[in-house]
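Asker: okay, sequence plus prediction incoming.
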Amino acid sequence: MRLVFGPDDLEEYSAVRDRLRLHIVAWARRRGIAVEPSLVAAALDHKHGVDGRLGHWTRRHVADALAVWFPRTVALLEDDREAVPTALHALIGFLDDHEWLDSRSAPAAELHAQVRDSTPALHDALDDERNHDLGTFWAVQMLRHGVATADPAAVARFLQQVHAGELVIDRAALAEIQRRQADEQREQPRRELAPVLLPGAAQMLAAADSSVALARLRAFTRWVRAGRALTREKRLLLSDARAVADALDLDHFSRDRARTSDDLPEITLLLHWARQARLVRVVHGRLVQVRSAAPLLSRPIELWRRAFEAIGGIGEHFGGSNVFGAPSLFGMGLGEAYPILLYQLYAAGGDPIPVERFHRAVRDSVNERMGCVVDDLAGDTEHRLWRRDVTALLDAMELLGAVHLSESIGGEDGEDMSELIELAGRDDPDPTLVALTPLGIWAVHEMLVEQGVHAPLTGELADEDIEYVCVRMAGLRREVAESELEAWVQARTGRAASHEIMRYLQRVEDPTHRGLALFALSRCGTPGREMSRWRARLSAALRAPTTGAQPRVECDARLARP
């Protein structure tokens, strides 16, 4: 039986909730306790909404369920109130009896005591209709007036009577509920980021040293030396631009045909990149080195990070997203959209994502801001100019060594063409996949931490329950998962780790989760003979019928003793 779920595991959770509800009701019935199944399901929904951990219960979780969750989301009349604490007692008792309360839960006796202590708060909250959510408020009103909620005609008549003032409801409470829900809808917290594995110092140094863009920026800055004359428009003189292009072996196809330095796109990008990175600046019409930046030229990692942070400010110099002076395609410049891209890439943990997903996120962000579908108003030319600019941005990031670009229209590496077409809303989607390099992951992690965003590293889940770690690691890169599991094992004694893992393996059903748990078990230092004996018992349990409660696998006493 799985007890930990991520925010996207809705189907898996729904199936487990139904199974668990039946088991709990049957368990209570065998003890002479009548339990309302829908209230057990509501208690499970509460934990799924809080953290997705059905086996993790503290006194605060119990108190919140009784004082907030049930009054807000469950339509209860006076006669139904006493069934709520009964359902919670049954849920806690079942989990405790099966040893399914996780290692960070409060003892069952304390949880039962909290149910009793918080029952008066349940009654107080139910007496104040302002504590309901909107759906519960109307459900309670209809129950009080004997309206069959499954009958659309009866519901419609009820609402007409309320609107006409024939039925009295607490309109002040209704207004307070509507105001609170509007505030809650505006608060959209970001999804919790998964742990990442940062590269070591030697790996970072080697990656920075091999960066093509960094080598060019360093060479350009040194070429500037004491200063270079600029035009009134703060461009390089054409002769200087050609000279540096020749020295750096850039702009092969544009060098001879250029009429101004702007006709040399690679040199133009390099100039604005160096200025944005504060390596050079304009003083009295001349381009000069920034004195304080000189030491950075011999510090690859610091220089690389400054160049990385400067990318978001280069703006229109990637190619220009403005069309005849009008705002860009989505009303959002590259500099403003850049953080969206970085967050998406970081959340993927180094796995590639389609560039079309970034385009979609930008469109959705602007549409939400404007309150309408803005991007539908743009013409195809504007769409293509925006995509050109994004391509230039990604090329610069790849040149720096922050991302890796590849192409795929299906198979194991990415989404197939039909999915990309649906995502893009056009018949010619960009098949590019983009992923952060290890150095890129490090740079984005540093940026997120400075912004106050919690960006966990491997090892930060060491105090968690083993199932929670396995579920969180299931969708991540193998090296990240193994690093996290090894840290989890090292945070406790080998015997304590073995005992917790084997308890989990008695009920785990997902093959991926089982494989991660077995990897952790292999790092516990368990003697080979005992490991073989335990594996045989586990295999026998897994071959047993899966109906009803899972068969118990007894651990060797020497392993079970923490």
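Answerer: All right, it came through fine.
Asker: would you agree residue 489 is in contact with residue 523?
Answerer: Yes. Applying C-beta atoms under 8 Å, one finds residue 489 in contact with residue 523, separated by 4.6 Å. Every C-beta, even on glycine, is put in place using the N, C-alpha and C of the backbone.
Asker: the two: who's more crowded?
Answerer: For residue 489 versus residue 523, neighbours defined as other C-beta atoms under 10 Å are more numerous around residue 489 (23 against 18).
Asker: let me see the contact set for that one.
Answerer: For residue 489, the contacting residues are 497, 520, 523-524, taking C-beta atoms under 8 Å, 6 or more residues apart in numbering as the criterion.
Asker: secondary structure element for residue 246?
Answerer: Assignment of secondary structure by DSSP states H and E places residue 246 within helix 238-248.
Asker: what's the burial count for the closest residue in space to residue 435 that isn't next to it in sequence?
Answerer: The shortest distance from residue 435 to any non-neighbouring residue, by C-beta to C-beta, 6 or more residues apart in numbering, is to residue 352 (4.0 Å). Other residues lying near residue 352 total 19 when counted by other C-beta under 10 Å.
Asker: what does the one 4 residues further on give?
Answerer: For residue 356, the neighbour count with other C-beta under 10 Å is 24.
Asker: kindly report the same for the one 4 residues further on.
Answerer: By the criterion of other C-beta under 10 Å, residue 360 has 16 neighbours.
Asker: check residue 204 too.
Answerer: Applying other C-beta under 10 Å, we find 19 residues neighbouring residue 204.
Asker: wait, it sits on residue 442?
Answerer: Yes. The pair formed by residue 204 and residue 442 meets the contact definition of C-beta under 8 Å, at 6.4 Å.
Asker: for stretch 90-110, measure first residue to last.
Answerer: Its first and final residues considered, stretch 90-110 spans 14 Å by C-alpha to C-alpha, to the nearest Å.
Asker: just the buried residues of that stretch, please?
Answerer: Taking 16 or more other C-beta atoms under 10 Å as the basis for neighbour counts, the residues of stretch 90-110 that come out buried are 90-96, 98, 100-103, 105-106, 108.
Asker: before we move on, what about stretch 135-150?
Answerer: Going by neighbour count (16+ other C-beta under 10 Å), the buried part of stretch 135-150 is 136-142, 147.
Asker: from memory residue 66 sits against residue 117, does it?
Answerer: No. Between residue 66 and residue 117 there is no contact under C-beta under 8 Å: 9.1 Å.
Asker: so between those two, which is more surrounded?
Answerer: Neighbours of residue 66 and residue 117, each counted by other C-beta under 10 Å, are more numerous for residue 66; the result is 26 against 13.
Asker: ok, that one - contacts?
Answerer: Listed by C-beta under 8 Å, 6+ apart, the contact partners of residue 66 are 84-85, 88, 115, 118-119, 121-122.
Asker: same thing but 7 Å
Answerer: 84, 118-119, 121-122 (C-beta atoms under 7 Å, 6 or more residues apart in numbering).
Asker: nearest to residue 463 among those?
Answerer: Set against residue 463, the nearest of the contacts of residue 66 by C-beta to C-beta is residue 118 (26.6 Å).
Asker: and that closest one, which of the three is it?
Answerer: helix (DSSP: H, G, I helix; E, B strand; the rest coil).
Asker: next: residue 45.
Answerer: Once three-state DSSP is applied, residue 45 turns out helix.
Asker: tell me the confidence at the closest residue to residue 300 other than its chain neighbours?
Answerer: Once flanking residues are discounted, residue 300 sits nearest to residue 208: 3.8 Å by C-beta to C-beta, 6+ apart. With respect to pLDDT, residue 208 scores 96.
Asker: switch to numbering from 51
Answerer: In the new numbering, first residue 51, that becomes residue 258.
Asker: okay but residue 258 is in contact with residue 264, surely?
Answerer: Yes. Using C-beta atoms under 7 Å, residue 258 is in contact with residue 264, at 6.2 Å.
Asker: joint contacts of these two?
Answerer: Taking C-beta under 7 Å, 6+ apart as the contact rule, residue 258 and residue 264 both touch 350, 354.
Asker: please report how far residue 535 lies from residue 447.
Answerer: As for residue 535, its distance to residue 447 is 31 Å (criterion: C-beta to C-beta, to the nearest Å).
Asker: with residue 246 instead?
Answerer: With distances defined as C-beta to C-beta, the gap from residue 246 to residue 447 amounts to 18 Å.
Asker: could you do residue 497 as well?
Answerer: Taking C-beta to C-beta as the measure, residue 497 and residue 447 are separated by 14 Å.
Asker: between these two, who's got more neighbours?
Answerer: It is residue 447, of residue 497 and residue 447, that has more neighbours when counted by other C-beta under 10 Å, with 24 against 19.
Asker: who's in contact with that one?
Answerer: Listed by C-beta under 7 Å, 6+ apart, the contact partners of residue 447 are 361, 453.
Asker: flag every buried residue along the strand or helix carrying it.
Answerer: Assessed by DSSP H and E, residue 447 sits inside helix 430-450. Burial within helix 430-450, assessed by neighbour count using 16+ other C-beta under 10 Å, is assigned to 432-433, 435-437, 439-444, 446-450.
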